[in-house]
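Colleague: need coordinates for the below:
(chains A and B, ligands or ions: 5)
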Amino acid sequence: MAVVKVKRPKLGFGEKIYLGALAKGFLITLKHALKSLAGKSIGADSLKSSGMGVTMQFPETRWDDQLPEYYRGAPTLVTDEQGRERCVSCQLCEFICPPKAIKIKPGEIPTDDPWAKVEKRPQEFDIDMTRCIYCGMCEEVCPEQAIYLRKDYLITGLSRAAMVHDKKKLYEIGGVRTGLVNKWNELK
Amino acid sequence: MSETISANPDQKLPKDLAAEKGMVNVQIDGTWHQFPKGTRMIEAARQAGQILPHYCYHPKLSSPGSCRMCLVQMGMPPRPAPGTDPAYGDDGYQQINWMPRPVIACANTVAENMGIRTTGDIVESCRKGVMEFLLINHPLDCPICDQAGECRLQENSVSYGKGQSRFVDTKVKKPKNVDIGPRIRLDDERCIMCSRCIRFMDEVAGDPVLGFTQRGTHTTLTVHPDRLLDSNYSLNTADICPVGALTSNDFRFQMRVWFLKETPTIDVNCGTGTNITVWTRGNTVHRITPRQNDDVNSCWMPDSHRLNFHFIDDKTRFTEPLVKEDAQHLPTDWKSSLDTLAAKLKGADGSTTAIIASGRMTNEELFLTKQLAETLGTQHLSLVPRTGEDDGMLVAADRNPNTTGAKLILGTEDPFAKLDSIRDGVRSGTIKNLLVLGEDIITDAGFHFNDLAKLDLLVQSHTSANPTALAANLVLPAAAFTEKRGSMVNLTGRIQRLNRATEMPLDARDDWEIIRDITLAVTGAKKDTFLIEDVFKQLAAAVPEFADLNLSRIGDTGKPILDTGYQIPLLTNERARKAAGEITG
Ligand code: SF4
Ligand code: SF4
Ligand code: SF4
Ligand code: SF4
Ligand code: FES
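Modeller: Ligands and ions are numbered 1, 2, ... in the order given. Presented below is the predicted three-dimensional model:
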């Protein structure tokens, strides 16, 4: 291949001292500063700007209504339309969870329980939120559609223990889900 | 006629060569193999490296051929027309004519010049069809079914299932969660009617309480209306049930099997030394199942032995040495306990000291105990006899697992002989110091609390709280059988190995280390044995029966080192059935 020699462009004096370019930059910054003071920054609305620039004043201001349906927040347990715990403690989520955040103690449903025919449900169900990486594998693997990643993302606590969601807390965040799993509803 | 091998009378045909050895030639998936006459096709395929899917076939039970999962294609040479000779090909075999319909591999035996196809369209579509029929009424129970993860139906569904059901009618409902016995739960919807459990209870356990009622798709497994499935061998039915129809109450909903780690070891509840697998997750034993050893326990084990492991994880376990001060047991550390012990034993006259050891100890522990007795200069060394009823199957009358080993190592025909004299010595006050290793002598050896109160020093090593410990000046926390390594010799004279499945709690120690440390504390010598392998080496040098062995050479199924003439009744029975051709394995 032929060798092409490229010549460096020759810089003029103005370009060499580059003050002009600096001033140009300053001007652009100034333009945006003025725009933001006037509350006219680009995208200020969709980003929920607090009035100055595009900065959202979190946590006073939230973006929650913008979260997509598939947002992966905290994993939670859900009950069905009849108030039945959907989880049957099959421990598949415990097995699949990559950082081993889930710990389940399975248990038997007593025979006098209205859902005795389901036979099995968790006695304890802990998700360690310091470990969870919000991957959603648990939701995907669950054969009973009992575990869902909800839109809760503000998981904070003052101790490690407070960061472990127990069964009660998981159902509290999870709430009710309807449809999908009908196999226990039919007359058995 | 073309030039074939048969035309050359000097050269023998493969069939004649095989027949000389009592074998037959069988072509499996295109390759010729030789098998002994009478081998079942399923076993022949297994030996050729093809494990055929099956449910009802079990080598230790009769073969009803009821599940049809093992269907294969079979071919035989054509029958020659009258007056003609069979034609042999260049390789010396006759041509195989394949049958258009499949046969079951579990109940048919191989024959000369037979062909078996374990793959191909016919076989594959048979398996698919059988699976589809089995799944017609099967419930969607896998998430709550204890068998999930080790279920043949699940495994074969993955290999041959359709994934979608074409069945549009209502599924047949059957009894679920049925209480059929104290240790077994039945779910009839999951049953695939293989009848393994029925045959086991009839043929092996000798208590035929299970059977089918109804017909066709309504066939239901039930227990006799006036009886329960309460045999001491009932849990074996849960092991052999290929699905989750029979599950163990004890293991019910405890843990999914895919979390469990399997450790091969042996049972220590009687002299048979049943081979077992210990299933653990973390440091918790979740279940114990029998491990096949045709020279010890076949594939089975008694429930009473299988379930005797809950003490390992119990609150009553000793976790640190305890020293008695003012009638109170206080936790202490190993160094000060051993110092206290050494101070008392060092100057003591050997005749005032006695050791009561245990027939539940391993060979290594017994060997070190003998050395300890020599160090202390005492003749008072005895084990505690432990007998019960022999059940005519696996449970032996001798409930000590290592009596045979003790006889060899202590060099006496009756290692229990001195127990009475030790008891008398304690009562009369001639014995002042007593070391009790792994035994509870108040419960099991006829001692009374008041006898023991007379002693200057009573040391006990044990796993869990017990009456003798209350009287002891010093209690040393020891290891349970799943926490140890070592060897034992069973009643037939077979040396077998214990493997460690779990760790000891907190500050508890392995028994052989406790005995070594007591000896060292008394002699003041430097510690020079750090591995149990080294103890075995010393043992092998001292006792001729153990020569040439080491822990790894014992292997997972043991080695016979002695012929005691003892027969395990269940095996005698099994061998007779095998000889009669009722079973194959
Ligand atoms: S989202 Fe992922 S990391 Fe979190 S609990 Fe589920 S499987 Fe585990
Ligand atoms: S996978 Fe679903 S049903 Fe199974 S334990 Fe997890 S949440 Fe419960
Ligand atoms: S028997 Fe097997 S296939 Fe049937 S529910 Fe249990 S695990 Fe699933
Ligand atoms: S309960 Fe299990 S072993 Fe017994 S017939 Fe049914 S599937 Fe077979
Ligand atoms: S295994 Fe052959 S028919 Fe069941």
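
Colleague: how deep is B:Lys162 tucked in, by neighbour count?
Modeller: As a burial measure, B:Lys162 scores 12 neighbours (other C-beta atoms under 10 Å in any protein chain shown). For glycine as for every other residue, the C-beta is placed from the backbone atoms N, C-alpha and C.

Colleague: over to B:Leu13?
Modeller: Neighbours of B:Leu13 under the rule other C-beta under 10 Å: 20.

Colleague: who touches the residue lying closest to B:Asp141 once chain neighbours are set aside in this structure?
Modeller: Spatial nearest neighbour of B:Asp141, chain neighbours left out: B:Arg190 (6.2 Å); criterion: C-beta to C-beta, 6 or more residues apart in numbering or on different chains. The contact partners of B:Arg190, taken as C-beta atoms under 8 Å, 6 or more residues apart in numbering or on different chains, are B:138-139, B:141, B:145, B:147, B:243-245.

Colleague: give me the subset of the residues you listed that also touch ligand 4.
Modeller: The overlap between the contacts of B:Arg190 and the neighbours of ligand 4 (C-beta under 6 Å from any ligand atom) comes to B:243, B:245.

Colleague: for the contacts of B:Arg190, which one is nearest B:Thr584?
Modeller: Taking C-beta to C-beta as the measure, B:Val243 is the one of those closest to B:Thr584, at 22.5 Å.

Colleague: what helix or strand does the closest one sit in?
Modeller: According to DSSP states H and E, B:Val243 maps onto no helix or strand at all.

Colleague: torsion angles phi and psi at it?
Modeller: Torsion angles at B:Val243 (phi, psi; degrees, to the nearest 10) stand at phi -120, psi -170.

Colleague: likewise the one 3 residues further on?
Modeller: Reported as degrees, to the nearest 10, the phi and psi values for B:Leu246 are phi -110, psi 120.

Colleague: and what of B:Met488?
Modeller: Dihedral angles for B:Met488 - degrees, to the nearest 10 - are phi -140, psi 160.

Colleague: now do it, the pLDDT please.
Modeller: Here the pLDDT value assigned to B:Met488 is 97.

Colleague: any idea how far ligand 1 is from it?
Modeller: Counting by C-beta to the nearest ligand atom, to the nearest Å, the gap from B:Met488 to ligand 1 is 44 Å.

Colleague: in contact with that residue, which residues?
Modeller: B:266, B:268, B:273, B:362-363, B:401-402, B:405, B:495-496, B:498.

Colleague: name the nearest residue to B:Ala417, sequence neighbours excluded.
Modeller: Leaving aside its chain neighbours, B:Ala417 sits nearest to B:Ser382 (6.7 Å; criterion: C-beta to C-beta, 6+ apart).

Colleague: who are the packing partners of the strand or helix carrying the one you found?
Modeller: According to DSSP H and E, B:Ser382 maps onto strand B:381-383. In this structure, strand B:381-383 packs against strand B:353-357, helix B:363-376, helix B:403-410, helix B:419-428, with contacts taken as 3 or more C-beta pairs under 8 Å, 6 or more residues apart in numbering or on different chains; DSSP states H and E.

Colleague: okay if I get the ones you listed as CSV plus mean neighbour count?
Modeller: Output for those, formatted as CSV (neighbours: other C-beta atoms under 10 Å in any protein chain shown):
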stretch, mean neighbour count
strand B:353-357, 26
helix B:363-376, 24
helix B:403-410, 25
helix B:419-428, 17
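
Colleague: closest to B:Gln214 out of the ones you listed?
Modeller: That would be, of the helices and strands packed on strand B:381-383 and by C-beta to C-beta, helix B:403-410, which comes in at 50.0 Å.

Colleague: what sits against B:Ser421?
Modeller: B:Ser421 is in contact with B:His380, counting by C-beta under 8 Å, 6+ apart.

Colleague: could you say which helix or strand holds the nearest residue to A:Met56 once chain neighbours are set aside?
Modeller: Leaving aside its sequence neighbours, A:Met56 sits nearest to A:Lys48 (C-beta to C-beta, 6+ apart; 4.8 Å). Using DSSP H and E, A:Lys48 falls within no helix or strand.

Colleague: tell me how many other residues crowd A:Lys48.
Modeller: A:Lys48 has 17 neighbouring residues, counting by other C-beta under 10 Å.

Colleague: contact partners for it?
Modeller: A:56, A:61-63.

Colleague: same question for B:Asp303.
Modeller: B:Asp303 neighbours (C-beta under 8 Å, 6+ apart): B:183, B:231-235.

Colleague: circling back: who wins for most neighbours among the contacts of A:Lys48?
Modeller: Neighbour counts for those (other C-beta under 10 Å) peak at A:Met56, which has 15 neighbours.

Colleague: which element is it on?
Modeller: For A:Met56, there is no helix or strand it lies in under DSSP H and E.

Colleague: what do you get for A:Lys31?
Modeller: Using DSSP H and E, A:Lys31 sits within helix A:19-37.

Colleague: got a list of contacts for that helix?
Modeller: By C-beta under 8 Å, 6+ apart, the list of residues contacting helix A:19-37 reads A:14, A:41, A:52-54.

Colleague: just put those in TSV and tack on secondary structure.
Modeller: What follows is the contacts of helix A:19-37, written out as TSV (DSSP: H, G, I helix; E, B strand; the rest coil):
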residue	secondary structure
A:Gly14	helix
A:Ser41	coil
A:Met52	coil
A:Gly53	coil
A:Val54	coil
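
Colleague: now for the residues you listed, which pair is the farthest apart?
Modeller: The widest separation within these (C-beta to C-beta) is 35.6 Å, between A:Gly14 and A:Met52.

Colleague: how far does the helix or strand containing A:Ile104 sit from the chain's center?
Modeller: A:Ile104 belongs to strand A:102-108 when elements are defined using DSSP H and E. Centroid separation between strand A:102-108 and its chain, computed with C-alpha atoms, centre = their mean, to the nearest Å, is 25 Å.

Colleague: so for the helix holding A:Lys31, what gets flagged as buried?
Modeller: For helix A:19-37, burial by neighbour count (16 or more other C-beta atoms under 10 Å in any protein chain shown) applies to A:Ser36.

Colleague: continuing past it, what's the next helix or strand?
Modeller: Past helix A:19-37, the next helix or strand by DSSP H and E is strand A:75-77.

Colleague: what comes up buried for the next helix or strand after that next one?
Modeller: Remark: after strand A:75-77, the chain's next helix or strand is helix A:92-96, criterion DSSP H and E. Within helix A:92-96, the residues that qualify as buried are A:92-95, counting by 16+ other C-beta under 10 Å.

Colleague: out of those residues, who's nearest ligand 2?
Modeller: Minimum distance to ligand 2 across the buried residues of helix A:92-96 is 3.3 Å, recorded for A:Cys93 (C-beta to the nearest ligand atom).

Colleague: how much space between whichever residue of chain A sits closest to chain B and A:Arg84?
Modeller: Closest residue of chain A to chain B, C-beta to the nearest C-beta: A:Cys90 (3.8 Å). With distances taken as C-beta to C-beta, to the nearest Å, A:Cys90 is found 15 Å from A:Arg84.

Colleague: looking at the two, which is more packed in?
Modeller: A:Cys90 (23 against 17).

Colleague: give me every residue in chain A lying close to ligand 2.
Modeller: A:87-93, A:104, A:141-142, A:144, A:146-147.

Colleague: any of those buried? List them.
Modeller: Buried among the residues of chain A next to ligand 2 by 16+ other C-beta under 10 Å: A:87-93, A:104, A:142, A:144, A:146-147.

Colleague: does B:Ile51 really touch B:Glu43, like I thought?
Modeller: No: using C-beta atoms under 8 Å, B:Ile51 makes no contact with B:Glu43, being 10.5 Å away.

Colleague: so for stretch B:324-336, what gets flagged as buried?
Modeller: Quick answer for stretch B:324-336 (16+ other C-beta under 10 Å): B:324, B:329, B:332, B:334.

Colleague: among those, which are located in helices?
Modeller: B:Trp334 (DSSP state H).

Colleague: closest to B:Gly120 among the buried residues of stretch B:324-336?
Modeller: Set against B:Gly120, the nearest of the buried residues of stretch B:324-336 by C-beta to C-beta is B:Trp334 (66.9 Å).
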